[in-house]
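# prediction below, plus the sequence it came from.
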Amino acid sequence: MSADSRDPREKEEMRRALETSFAAVAGGSVGVGVDVQLISEIHSDNPNFLERNFTPAEIAYCRAAPDPRASFAGRWAAKEAVVKAKMNVRPQGKNYTRGGGAPLIEIEILPGSSGAPVVIQHGGALENAREIGIAEIKVSISHSGDYVAAAAIALPGGKDFSK
């Protein structure tokens, strides 16, 4: 039986069970976010766009990458995934974003010592994370052809990730 042919009540019960399982494993409310981006849609050649949405460290990292356009697009997708993951923590809560045109510079994505991306939040993004009980956000970024994809999971707890 396909998921689409199930009784709506059964689907809702499954959704709640999965949500409860995620929360139990993570020790509280978790949020998940995904974003897919066409590399050519990111204006990496526009200095105003870059300065508005990326920190100087991110700009330096992306410009030094073998494919700077893909690197900027990957970080953009990761930032979008982070926003979605945070909003997913409390889907019925308030919308803390400032709309689709808001800059994403308060969410910084830099490589950790292993090379894996690390999320560092600043300003209002950090305040919001603390408000909703999110201590850490993990991200993964993938590039393939003309696209990048990113996934984020927001995890609860007391760890301070404002480094």
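Alright, I've got the coordinates.
# okay, strands next: where are they in this structure?
Along the chain, the segments classed as strands by DSSP state E run 31-38, 107-111, 117-121, 134-144, 147-156.
# quick one: buried residues of the fourth one?
It stands for strand 134-144. For strand 134-144, the neighbour count (16 or more other CB atoms under 10 Å) marks Ile134, Ala135, Glu136, Ile137, Val139, Ile141 as buried. Bear in mind the C-beta positions are built from the backbone N, C-alpha and C, glycine included.
# would you confirm that the last one contacts Ala78?
Yes - in this structure, Ile141 is within contact of Ala78 by CB atoms under 8 Å, at 5.3 Å.
# Asn46: which of the buried residues of strand 134-144 is nearest?
Taking CB to CB as the measure, Asn46 lies nearest Ile141 of those, at 21.0 Å.
# could you give the bridge partners of that closest one?
Ala150 (DSSP bridges).
# how far away from the center of its chain is the longest helix belonging to the chain?
In the chain, taking DSSP state H as the definition, the longest helix is helix 68-89. Relative to its parent chain, helix 68-89 has a centroid offset of 4 Å by CA atoms, centre = their mean, to the nearest Å.
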